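Participant: Any chance you could fold what I've pasted below:
(2 chains)
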Amino acid sequence: MNATWSRFNIVSIVLGFAFLYLPIVLLVVFSFNASRLVTVWGGFSTQWYAALFRNQGLMDAAWVTIRVALVSASAATVLGTMAALVLTRYTRFRGRVLFTGMVFAPLVMPEVITGLSLLLLFVAVGLDRGFLTVTLAHITFSMCFVAVVVQSRLISFDRSLEEAAMDLGAPPVKTFFQITLPVIAPAIISGWMLAFTLSLDDLVIASFASGPGATTLPMKIYSQVRLGVTPEINAACTILIGIVSLGVIAAAIVNKRREVQRRRDEQAAMRLD
Amino acid sequence: MANVSASAPAATPAERTFLSRLISGFTGRLLILVPYAWLLFFFLIPFVIVFKISLSQSAISMPPYAPAIDFSEGISGLWAALRELSLDNYLWLTEDPLYFNAYISSVVIAGISTLLTLLVGYPIAYGMARAPASLRPTLLMLVILPFWTSFLIRVYAWIGILKPEGLLNQFLMGIGVISTPLVIMNTYTAIFIGIVYSYLPFMVLPLYSSLEKMDNSLIEAAQDLGCPPISAFWKITFPLSLPGVIAGCLLVFIPAVGEFVIPDLLGGSQTLMIGRTLWNEFFANRDWPVASAVAIILLLVLVIPIVLFQHAQARAQEQDR
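Facilitator: Numbering: from 1, shown residues only, chains lettered A, B, ... in the order given. Modelled structure (predicted):
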């Protein structure tokens, strides 16, 4: 679709983005507020960041959260990529309908249901709640997001490349690692990042699946938010937002570079012809 | 003998295809089996357990329900346990109007919020689809970026804005629009704002992808034939964007019905939503069987929209192929 970009279009985009970004911007601004009152500006200060790093409970929770996110994102990426390959490459096998359902349903399933059901599973099999159970729970719901991201790349993938490799005698597994994997790598990386942030963010499922000893950062933030808004929490949120934005922007730049490089390679190849 | 050993180093083409087929058959099966088994065990079986516990009695023990199936007693133990199951928890849900009201109010709140999200999201998606092609990837990233920042943080950010002495009231009173602070925090309005805000990217993305694919010559043709822009929109653009509208609405509606964080942080204690009821039943009352029954009914309420969502996904996948 490409036609006139009317004033109405521009205004709706500007208003829409203002709505999306203003609350986050305000939150970041007020994390540098010298006043204890979160909504009254009392001058610039970084004291809440210092206070944050002295808060041992919050630091411990952050460490737990990062470890859970690293492990669960990596496992979810492997499982999700496998699921995506199954969805796009194996169109006929017994139980495919059920499989598709199990991949897509967690995307929209209310978190309270997923959390409760996983907790009851862990209790039923006698698994002690803690680091392991939170990680297993996060792998389960984030692998479905990875599957969707990778699947969308696999659908547009030119299969003749694989066929050419196989015709030249490369066994399927080798073909996968040498041809398929490099092509879908950007999707796998963004799938990993999505899984990582989903795990970093999750409150509801972690609250059900975790036990004493494995309090995650969102759980900690939530319990403090219930007592009231504090600048310290604003500071913690700002750091999280900063890390995630840097990651996303870096990934976008890397993708863009790859795209440019690929186009240059293609042009060079055309000239050789 | 000599013949065989001479041909051994290089496998014949027939052998190679046989071997690769064997490997691909085996790896293929493994590829299907691993995620399949994982989802069966961690996604499907838990629902069976939830269903079973929803038929149990609550008890003061750990785990707080009875009977817990005792596998050591074998079949007879299982049978005895099965006979103890009852529909009491479901009857309890029908007796107390709190639950019924919570289901109804969740569906209504989610429905209204979905419509509002569509109203806010459509112009954004439409504007993005009409933007110069060079600008679109950036706009797309700007829509996705808030999705990467924590849900909890984004909801939390609204507390500082909406509360009586918050930024919105300060601003409105500062410019003299109102003289007494608006009460938005801890009302249903706050929940609507929270849901629209948090779920907006889920609405904009499918809308954008269906609007972007649209062939603009259709609208030009309509306008050449004298169709005014507004009726061209309703007769052409909107119907063609319907797959995006449906996908977006389902992506917002289904999770919003069971939403917990937004009603808990922005809605206060006066607002009623089933996600919070389930949470309280589980964490405050420690009544796991009733919480399970609440979850099962919630799942039944959502079965139809979830199946619709699956169909929409499957159809989109077929089209992309």
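Participant: does any part of the one helix or strand residue A:232 maps to sit near chain B?
Facilitator: Secondary structure assigned from DSSP states H and E places residue A:232 in helix A:231-272. Yes. Helix A:231-272 reaches chain B (Cβ under 8 Å from any Cβ of the partner chain) through A:233, A:237, A:240, A:241, A:244, A:245, A:248, A:252. C-betas here are computed from N, CA, C, even on glycine.
Participant: Please, which helix or strand holds residue 123?
Facilitator: Went with chain A since none was named. Here residue A:123 is assigned to helix A:111-124, by DSSP H and E.
Participant: wait, chain B
Facilitator: Secondary structure assignment for residue B:123, by DSSP H and E: helix B:97-130.
Participant: for residue B:171, same thing?
Facilitator: helix B:167-174.
Participant: Which strands or helices does that helix pack on?
Facilitator: helix B:151-162 (3 or more Cβ pairs under 8 Å, 6 or more residues apart in numbering or on different chains; DSSP states H and E).
Participant: circling back: any idea of the angle the helix holding residue A:232 forms with helix B:151-162?
Facilitator: Note on geometry: by axes from the mean of the first three to the mean of the last three Cα atoms, to 10 degrees, helix A:231-272 and helix B:151-162 are set 120 degrees apart in direction.
Participant: name the helices or strands packed onto helix A:231-272?
Facilitator: Against helix A:231-272 (3+ Cβ pairs under 8 Å, 6+ apart) you get helix A:7-30, helix A:47-54, helix A:56-89, helix A:181-201, helix A:217-225, helix B:136-148, helix B:151-162.
Participant: now for those, which one comes closest to residue A:264?
Facilitator: Smallest distance to residue A:264 across the helices and strands packed on helix A:231-272 (Cβ to Cβ): 16.8 Å, for helix A:181-201.
Participant: Now do that closest one and helix A:56-89, the angle between them.
Facilitator: Using the same axes, to 10 degrees: helix A:181-201 against helix A:56-89 is 140 degrees.
Participant: With only the CA atoms kept, save helix A:181-201 in CSV.
Facilitator: In CSV, the C-alpha atoms belonging to helix A:181-201 read as follows (Å, rounded to 0.1, in the frame of the first residue of the first chain):
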residue,chain,number,x,y,z
LEU,A,181,20.9,-22.5,10.0
PRO,A,182,23.0,-19.5,8.7
VAL,A,183,20.0,-18.2,6.8
ILE,A,184,17.6,-18.4,9.7
ALA,A,185,20.2,-17.3,12.2
PRO,A,186,18.8,-13.7,12.5
ALA,A,187,15.3,-15.1,13.4
ILE,A,188,16.9,-17.5,15.9
ILE,A,189,18.8,-14.6,17.5
SER,A,190,15.7,-12.4,17.8
GLY,A,191,13.8,-15.4,19.1
TRP,A,192,16.4,-15.9,21.8
MET,A,193,16.2,-12.2,22.7
LEU,A,194,12.4,-12.4,22.8
ALA,A,195,12.6,-15.4,25.1
PHE,A,196,15.2,-13.6,27.3
THR,A,197,13.0,-10.5,27.7
LEU,A,198,9.8,-12.6,28.3
SER,A,199,11.6,-14.4,31.1
LEU,A,200,13.0,-11.2,32.5
ASP,A,201,9.6,-9.7,32.6
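Participant: My guess is residue B:257 contacts residue B:303. True?
Facilitator: No. Counting by Cβ atoms under 8 Å, residue B:257 stays clear of residue B:303, with 11.7 Å between them.
Participant: Could I get the average pLDDT for stretch B:301-313?
Facilitator: Computed over stretch B:301-313, the mean pLDDT rounds to 84.
Participant: just stretch A:7-14 next, same as before
Facilitator: 87.
Participant: how about residue B:314, what does it touch?
Facilitator: residue A:100 (Cβ atoms under 8 Å, 6 or more residues apart in numbering or on different chains).
Participant: Which positions within the helix or strand hosting it qualify as buried?
Facilitator: With secondary structure defined by DSSP H and E, residue B:314 is part of helix B:288-320. Buried residues in helix B:288-320, counted by 16 or more other Cβ atoms under 10 Å in any protein chain shown: B:288-299, B:301-302, B:305-306, B:308-310, B:312-313, B:316-317.
Participant: Stretch B:176-192 now?
Facilitator: For stretch B:176-192, using 16+ other Cβ under 10 Å, the buried residues are B:181, B:182, B:184, B:185, B:186, B:187, B:188, B:190, B:191, B:192.
Participant: Tell me if I'm right that the fourth one and residue B:166 touch.
Facilitator: Yes. Counting by Cβ under 8 Å, residue B:185 does reach residue B:166; the two are 7.3 Å apart.
Participant: Common neighbours of those two, please.
Facilitator: residue B:159.
Participant: so who does residue A:125 touch?
Facilitator: So residue A:125 contacts nothing (Cβ under 8 Å, 6+ apart).
Participant: give me that answer again for 10 Å
Facilitator: B:41, B:45, B:49 (Cβ atoms under 10 Å, 6 or more residues apart in numbering or on different chains).
Participant: Now whatever residue of chain B ends up closest to chain A: closest residue in space that isn't a chain neighbour?
Facilitator: Relative to chain A, the nearest point of chain B is residue B:258 (2.3 Å; Cβ to the nearest Cβ). Closest residue to residue B:258 apart from its sequence neighbours, by Cβ to Cβ, 6 or more residues apart in numbering or on different chains: residue A:110 at 2.3 Å.
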